[in-house]
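Engineer: just coords:
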């Protein structure tokens, strides 16, 4: 499985980035990786910048991740930046609000949430963060602020990974953000996966390339997904 290949590449303090276009289903891979790591006894945290929580839950369910059930079992929390910014009441008690999130205060406020809430709940476990989505962060705060937040994220992972296992997955719709931001994401990513979609004969066909992982023996993988078949196949096309 593709998700298993990526899960194996997730290391402490690492950043895994998944890039996709407007029609792509590549974002589902992020939820699949999160689910796989939670099943391996990681604590999951979804940072929601893009949708009201009920719609986020629906998207996750499409990818096979049951957020309410995992949250009920104490395996997952949502840090709801979208609901906080637009004053949407919390969907449930596993949804964490951030009071008055701004580009200058967001990073320290999130770090406080980890110290006060996430760390006590995840004691003895690794933490996997899913940013849904980085382009949502750009829409909310602007690209310049998002780049500063990315730098804060890298510094946060470096500090915290000295004492605990913690890693991040970034989801990025490249049709929304600039090439400059994509280039920066590439520079900070330890593992990077890119999707390119097209529609042929009324069927969504996607090409997926695993561009890099931390493994020194890694070689780029090129695969193709036909949404109708719901399976990945080896693609004969060259990189």
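Structural biologist: Received it, and whenever you're ready, just let me know what you need. Worth saying up front: this structure is predicted, and the values here are computed from it rather than measured.

Engineer: what about the nearest residue to residue 143 once chain neighbours are set aside, which helix or strand?
Structural biologist: The shortest distance from residue 143 to any non-neighbouring residue, by C-beta to C-beta, 6 or more residues apart in numbering, is to residue 181 (5.7 Å). Bear in mind the C-beta positions are built from the backbone N, C-alpha and C, glycine included. Residue 181 is part of helix 179-188, with elements assigned from DSSP states H and E.

Engineer: The helix or strand following that helix to helix 179-188, inter-axis angle?
Structural biologist: As assigned by DSSP H and E, the chain's next helix or strand after helix 179-188 is strand 191-200. Counting by axes from the mean of the first three to the mean of the last three C-alpha atoms, to 10 degrees, strand 191-200 points 140 degrees away from the direction of helix 179-188.

Engineer: helices or strands up against strand 191-200?
Structural biologist: Applying 3 or more C-beta pairs under 8 Å, 6 or more residues apart in numbering; DSSP states H and E, one finds that strand 191-200 contacts helix 2-9, strand 15-20, strand 203-212.

Engineer: for the longest one, the distance to its chain's centre please.
Structural biologist: Same thing as strand 203-212. In terms of C-alpha atoms, centre = their mean, to the nearest Å, the centre of strand 203-212 is set 17 Å apart from its chain centre.

Engineer: neighbouring strands for it, and are they parallel or not?
Structural biologist: strand 191-200 (antiparallel), strand 221-226 (antiparallel) (DSSP bridges).

Engineer: So for the shortest one, mean pLDDT?
Structural biologist: Same thing as strand 221-226. Regarding strand 221-226, the rounded mean pLDDT is 61.

Engineer: what does the longest one give?
Structural biologist: The predicted model assigns strand 191-200 a mean pLDDT of 90.
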